[in-house]
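A.B. asks: Quick one, what's the 3D model for this:
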Amino acid sequence: MNYAERTDSGRRLLGFAAVLALHVVVIYALVQGLARKTVEVVHHPVEAKIVEEVKAPPQKPPPPAPPKLTSPPPVYIPPPQVTVQSPPPPPVAAVTTVKPAEPAPAPAAGTGPPEAPPGPPAPPRTVVRTPAVVDAKSCREPPYPLASRRENETGIVRLSILIDVDGRVLDSKVERSSGYRRLDEAARAGLALCNFKPATVDGKAVRSWEPFAYEWKLH
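C.D. replies: Take a look at the predicted model:
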């Protein structure tokens, strides 16, 4: 081994030792500084602060919804009432086969005798009417019903009889009963066979209804 190689080896060892020493110093410094800071941190009093919870600001209520605008209902306008007046019907002329009388020509002024003033109106015509002559003695007496005789039934029957123009009895009806149906029907049957004097109007015989009363009594 020569001197140069020994010099290089010494330098390498010296550099290595210097680097190692530098690392040891750095590590020591680091260890000492961190330990001191750790002790200081541990010895410092620990302060606890109560942090109030930050409340969220109250939320404002949402604005009200705008009102819904509805269109107003359509205005009802009634249609105008139009009254159509129909024209009046044309006058209808009366048709007749009788020729109207021609007016008499007016007399010339100053000719002929003067007209007499109209006289008083004629009195109204009176109608002369005579009632029928209803006489029970002019006909046969109706037979007394045997059952009514046994029961002693009596009474007055008021009838209305229809007398024809020749005096015959055409019909009859009971206006007021005697109280017994047998006596009423017997009176109607008996009067149907009678003949009376008819009523007249201005001397002419006419048909008419006349009242009649018949009394039933036991002899």
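A.B. asks: how about low-confidence regions in the protein?
C.D. replies: Flagging of the chain using pLDDT under 70 yields the residue ranges 1-8, 32-58, 61, 66-76, 78-117, 119.
A.B. asks: What ranges does it have for its strands?
C.D. replies: 129-130, 155-163, 169-176, 199-201, 204-206, 208-216 (DSSP state E).
A.B. asks: Quick one: those as a markdown table, columns for mean neighbour count and distance to Ala29 too.
C.D. replies: For every residue, glycine as well, the C-beta is placed using N, CA and C. Shown next, in a markdown table, are the strands of the chain (neighbours: other CB atoms under 10 Å; distance: least, CB to CB, whole Å):
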| stretch | mean neighbour count | distance to Ala29 |
| --- | --- | --- |
| strand 129-130 | 12 | 176 |
| strand 155-163 | 19 | 168 |
| strand 169-176 | 14 | 166 |
| strand 199-201 | 16 | 176 |
| strand 204-206 | 14 | 175 |
| strand 208-216 | 17 | 169 |
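A.B. asks: how much space between the closest residue to Ser172 other than its chain neighbours and Pro145?
C.D. replies: Setting aside the residues directly before and after it, Ser172 is nearest to Ile161 in space (CB to CB, 6 or more residues apart in numbering), at 4.4 Å. As judged by CB to CB, to the nearest Å, Ile161 and Pro145 stand 20 Å apart.
A.B. asks: ditto for Arg158
C.D. replies: Distance, Arg158 to Pro145, using CB to CB: 18 Å.
A.B. asks: what does Arg129 give?
C.D. replies: Using CB to CB, one gets 37 Å for the distance from Arg129 to Pro145.
A.B. asks: Could you do Ser9 as well?
C.D. replies: Counting by CB to CB - Ser9 and Pro145 are separated by 196 Å.
A.B. asks: These two: who's more crowded?
C.D. replies: Between Ser9 and Pro145, counted using other CB atoms under 10 Å, Pro145 has the larger neighbour count: 17 against 11.
A.B. asks: Now the more buried one: phi and psi?
C.D. replies: The phi and psi torsions at Pro145 (degrees, to the nearest 10) take the values phi -60, psi 130.
A.B. asks: ok, now Pro64?
C.D. replies: Note on Pro64: backbone dihedrals following degrees, to the nearest 10 are phi -60, psi 150.
A.B. asks: Just give me the neighbour total for it.
C.D. replies: Residues contacting Pro64 under the criterion other CB under 10 Å number 6.
A.B. asks: Format the CA atom coordinates belonging to stretch 188-201 as PDB.
C.D. replies: Presented in PDB, the C-alpha positions along stretch 188-201 are these (Å, rounded to 0.1, in the frame of the first residue of the first chain):
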ATOM      1  CA  ARG A 188    -200.700   9.800 -10.600                       C
ATOM      2  CA  ALA A 189    -202.400   6.800 -12.200                       C
ATOM      3  CA  GLY A 190    -205.900   8.200 -11.700                       C
ATOM      4  CA  LEU A 191    -205.000  11.700 -13.100                       C
ATOM      5  CA  ALA A 192    -203.500  10.100 -16.200                       C
ATOM      6  CA  LEU A 193    -207.100   9.200 -17.300                       C
ATOM      7  CA  CYS A 194    -208.400  12.700 -16.800                       C
ATOM      8  CA  ASN A 195    -209.000  15.400 -19.500                       C
ATOM      9  CA  PHE A 196    -208.800  19.000 -18.500                       C
ATOM     10  CA  LYS A 197    -209.200  22.400 -20.300                       C
ATOM     11  CA  PRO A 198    -205.800  23.500 -21.600                       C
ATOM     12  CA  ALA A 199    -204.100  26.800 -21.000                       C
ATOM     13  CA  THR A 200    -204.200  29.500 -23.800                       C
ATOM     14  CA  VAL A 201    -202.000  32.300 -25.000                       C
END
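A.B. asks: All set, thanks.
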